[in-house]
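# heads up, no residue letters with this:
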Ligand code: ADP
Ligand code: MG
């Protein structure tokens, strides 16, 4: 080896690329569903790195599928239009006016922003919502909540067509019921259901915490690795609440539904996706069936 720091730096870079090789081989041709969190996507510089990562995944032969939320952006638009957001058990009360605002925020702003930031690196991303080609069909959850849907069925045909063209679907989570009425649907739940419907290799949640904590508030309790039984145990412990509950639930469903691995990663870490996929370092929480 050499003492020249520039040469050492070059060697280190080559080592990182070489380390990626087995992972590139392993994941080539595999479908990966990425839930891009409402909080994780608020920082523009991180959003740019996210776009780069997703394009790189595509270019090495993976099939990334992006599912996004937008809770903070919906609340922001509601306030700007003079409406105060209201929640029951963590779920947004969604009257007819609110469902229009949900559509405006997700389809008019959040979705095209993600699509455009990916497409600055080439023409890859295609924006879709659950209203397109029967992608997401829902049932009304509870009259008190208004137009909030539970996923009844995912029709992955449109996604399979888009993936065959080597494009990157970016999905806003608005679903429709049998009467054609639009509903707001939890993005975590949709991500899990789409991962099952596509028989995805991996389901990844990019969020705003380091991973799943055994006891949220105790920094030492971050779970590096667990399985479906571990997650079920965690749900009954009561130490998982609001935003993490739908992630844990849909991880369980997706892994039962044939998805091979699920990960909860810290979207605040630059290039979290590259670190998880192409290096030996596992970050966040990994869940196996
Ligand atoms: P996202 O936009 O990624 O869906 P959410 O706020 O909906 O983000 O969900 C993530 C949040 O879940 C964390 O910021 C944290 O406050 C909360 N949470 C509750 N219980 C846990 C837990 N056991 N481990 C990690 N996060 C938890
Ligand atoms: Mg959430």
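Happy to help now that I have it. This structure is a prediction, so every number in the text was calculated from the model and none was measured. Ligands and ions are numbered 1, 2, ... in the order given.

# Verify the stated contact: residue 137 with residue 177.
Yes - counting by CB atoms under 8 Å, residue 137 touches residue 177, with 7.1 Å between them. Quick note: C-beta positions are derived from backbone N, CA and C, even for glycine.

# The host helix or strand of residue 151 pairs with which strands, and in what direction?
Residue 151 is part of strand 148-154 when elements are defined by DSSP states H and E. Sheet pairing here is set by DSSP bridges, and for strand 148-154 it gives strand 136-140 (antiparallel), strand 182-185 (parallel).

# Now do the buried residues in the helix or strand that comes right after that strand.
Following strand 148-154 in sequence order, the next helix or strand is helix 157-164 (DSSP H and E). Residues of helix 157-164 classed as buried: 158, 159, 162, 163 (neighbour count, 16 or more other CB atoms under 10 Å).

# neighbours around residue 87, how many?
12 (other CB atoms under 10 Å).

# got a pLDDT number for the spatially closest residue to it that is not a sequence neighbour?
Once flanking residues are discounted, residue 87 sits nearest to residue 93: 6.7 Å by CB to CB, 6 or more residues apart in numbering. As predicted, residue 93 sits at a pLDDT of 95.

# How about residue 39?
At residue 39, pLDDT is 68.

# Over to the one 4 residues further on?
pLDDT, the model's per-residue confidence, is 91 for residue 43.

# How is the closest residue to it other than its chain neighbours assigned, secondary-structure-wise?
Nearest in space to residue 43, with sequence neighbours left out and distances taken as CB to CB, 6+ apart, is residue 268 at 7.5 Å. Taken by DSSP: H, G, I helix; E, B strand; the rest coil, the conformation at residue 268 corresponds to coil.

# possible to save the strands paired with strand 148-154 as TSV with mean neighbour count, distance to ligand 1 and mean pLDDT?
Formatted as TSV, these follow (neighbours: other CB atoms under 10 Å; distance: least, CB to the nearest ligand atom, whole Å; pLDDT from 0 to 100):
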stretch	mean neighbour count	distance to ligand 1	mean pLDDT
strand 136-140	20	17	98
strand 182-185	26	13	97
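
# Right, I'll call it a day here.
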